[in-house]
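# what's the 3D shape of this:
(chains A, B, C and D)
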There are 2 protein chains.
Amino acid sequence: MHEDEPRWLTDGEQQIWRTYLQATMLLDDHLDRQLQRDAKLPHLYYALLVQLGEAPRRRLRMTELARQAKITRSRLSHAIARLEKNGWVRREDCPSDKRGQNAILTERGAEVLAEAAPGHVAAVRQALFDRLTPEQQKSLGEIMKIVAEGLQPCEAGADLPWLR
Amino acid sequence: MHEDEPRWLTDGEQQIWRTYLQATMLLDDHLDRQLQRDAKLPHLYYALLVQLGEAPRRRLRMTELARQAKITRSRLSHAIARLEKNGWVRREDCPSDKRGQNAILTERGAEVLAEAAPGHVAAVRQALFDRLTPEQQKSLGEIMKIVAEGLQPCEAGADLPWLR
DNA sequence: CACTTATACTTGAAACTTCAAGCACTACCT
DNA sequence: AGGTAGTGCTTGAAGTTTCAAGTATAAGTG
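As a prediction, the model looks like this:
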């Protein structure tokens, strides 16, 4: 068993990759900071409230929420525990499966969401959409779709966060 | 002082934004996992070793390293403390400024880096570059450059991680 | 039905990051 | 020179995420 010389990244690829890392790092930091300041919430927690807010009857099974958010169930458990303590979310036993739990957006949670949303959207616009041409936006969408789909193959045995 | 109705994201923009969040989440998770498994190191810590490895004399001032990595100095301090404990990095007082510290990649650190690099590069290729056309790669680079530059304006008073 | 395996979720500890000080030194100002 | 503000870095605690179990229920198998 012999390891071939790996195919290193070309200078151009390196440049792209580093810029990607920097941009995603900075954007994530920027949004986290904006939300932490204005809504006392990290970006991921905000995203969870958004997903719940859009779900029918404002509720979602834990694993389904983890799947949509691309995180582990453990991470979600801790996050929901915190949101529950703050009163933005509550839990409910799943009627059809006694192992299951639903996370439910509370009225207070919906209010927090409504208050935080405008500032958050403005931040996303200002940092991303307002700076890109329509062609670039389209291209970004296509690229990210390819990457996202590539990393969550349908096959069984895939190492996806919400199945760990 | 009156808040106008915010400019919400269009359906198309929402779609792009969500896909972006999912792709970056999955990719970050994927690389973290690969490196944690193969090199016992989170992706960010690996990136720090890379930066040090490329710097002249394998050393960099703390703030400069934080600036390159787009993280806070506090985060860097903790990270370097861990890397130092593992023997991959050591510190040195800066000769010209007694407040300053250099982080230096050790021989052991360089070895770890050399062992981890092929697998990491392969993962980046497989998840990203191998799936994109040359045009898409170029476009991605341009887009990320715009975003990264937009988030680190030259002006004083900008809220950049390494200045916090 | 008993038995095994898989699924759904949680938990506590360890690892990592953020936050708010804090210390030491430098640069600036008079 | 002395005083003041700014820079460079670190630290401990609080918050978040990962990791490795653990509990309970469901589904599959002989």
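# Relative to residue A:113, how far out is the most centrally placed residue in chain A?
In chain A, the C-alpha nearest the mean C-alpha coordinate belongs to residue A:69, at 4.4 Å (CA atoms, centre = their mean). When distance is defined by CB to CB, to the nearest Å, residue A:69 is 15 Å away from residue A:113. Bear in mind the C-beta positions are built from the backbone N, C-alpha and C, glycine included.
# Report the next helix or strand after the longest helix seen in chain A in sequence order.
Among the segments of chain A that qualify as a helix by DSSP state H, the longest is helix A:11-39. Following the chain from helix A:11-39 toward its C-terminal end, the next helix or strand by DSSP states H and E is helix A:43-54.
# and the helix or strand that comes right after that next one, what's its mean pLDDT?
Note on helix A:43-54: by DSSP H and E, the next helix or strand toward the C-terminus is strand A:59-61. For strand A:59-61, the mean pLDDT works out to 98.
# Stretch A:153-164 too?
Model confidence over stretch A:153-164, given as mean pLDDT, is 92.
# Other residues contacting stretch A:43-58?
Outside stretch A:43-58, the residues within contact range by CB atoms under 8 Å, 6 or more residues apart in numbering or on different chains are A:28, A:31-32, A:35, A:39, A:41, A:59-60, A:65, A:68-69, A:71, A:76, A:79-80, A:82-83, A:88-89, A:103-105, A:109-110, A:112-113, A:116, A:120, B:21.
# what does stretch A:121-132 give?
The set of residues that contact stretch A:121-132 without belonging to it, under CB under 8 Å, 6+ apart, is A:27, A:30-31, A:34, A:137, A:140, B:6-9, B:13, B:17, B:20, B:143, B:146-147, B:150-151.
# Give me the distance between the two termini of it.
End-to-end distance for stretch A:121-132: 16 Å, by CA to CA, to the nearest Å.
# Contact partners for the residue of chain A found nearest DNA strand C?
Chain A approaches DNA strand C most closely through residue A:63 (2.9 Å), counting by CB to the nearest atom of the strand. Residue A:63 makes contact with A:73, A:162 under the criterion CB under 8 Å, 6+ apart.
# Filter the contacts of stretch A:121-132 down to the buried ones.
With neighbours counted using 16 or more other CB atoms under 10 Å in any protein chain shown, the contacts of stretch A:121-132 contain these buried positions: A:27, A:30-31, A:34, A:137, A:140, B:9, B:13, B:17, B:20, B:143, B:146-147, B:150-151.
# Just the closest of those residues to residue B:160, please.
Taking CB to CB as the measure, residue B:160 sits nearest to residue B:151 out of the buried ones among the contacts of stretch A:121-132, at 8.3 Å.
# Extract the residue ranges of chain A that are flagged as low pLDDT.
Judged against pLDDT under 70, the low-scoring parts of chain A cover residues A:1, A:3.
# Near DNA strand D, which residues of it are found?
Remark: the part of chain A in contact with DNA strand D comprises A:42, A:44-45, A:71-72, A:74-75, A:78-79, A:82, A:97-99, using CB under 7 Å from any atom of the strand.
# In PyMOL, how would I select the buried members of those residues?
The PyMOL command for the buried members of the residues of chain A next to DNA strand D (criterion: 16+ other CB under 10 Å) is given here:
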select buried, chain A and resi 42+44+45+71+72+79
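# May I see the residues of chain A next to DNA strand D organised as JSON lines, with secondary structure and distance to residue B:51 added?
What follows is the residues of chain A next to DNA strand D, written out as JSON lines (DSSP: H, G, I helix; E, B strand; the rest coil; distance: CB to CB, whole Å):
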{"residue": "A:42", "secondary structure": "coil", "distance to residue B:51": "26"}
{"residue": "A:44", "secondary structure": "helix", "distance to residue B:51": "27"}
{"residue": "A:45", "secondary structure": "helix", "distance to residue B:51": "31"}
{"residue": "A:71", "secondary structure": "coil", "distance to residue B:51": "28"}
{"residue": "A:72", "secondary structure": "coil", "distance to residue B:51": "29"}
{"residue": "A:74", "secondary structure": "helix", "distance to residue B:51": "31"}
{"residue": "A:75", "secondary structure": "helix", "distance to residue B:51": "28"}
{"residue": "A:78", "secondary structure": "helix", "distance to residue B:51": "31"}
{"residue": "A:79", "secondary structure": "helix", "distance to residue B:51": "31"}
{"residue": "A:82", "secondary structure": "helix", "distance to residue B:51": "34"}
{"residue": "A:97", "secondary structure": "coil", "distance to residue B:51": "48"}
{"residue": "A:98", "secondary structure": "coil", "distance to residue B:51": "51"}
{"residue": "A:99", "secondary structure": "coil", "distance to residue B:51": "46"}
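# farthest pair in the residues of chain A next to DNA strand D?
Of all pairs drawn from those, the one with the largest separation by CB to CB is A:42 and A:98; the distance is 31.6 Å.
# which residues touch residue A:150?
Counting by CB under 8 Å, 6+ apart, residue A:150 touches B:127, B:131.
# Please, which helix or strand holds it?
Per DSSP H and E, the secondary structure element for residue A:150 is helix A:134-151.
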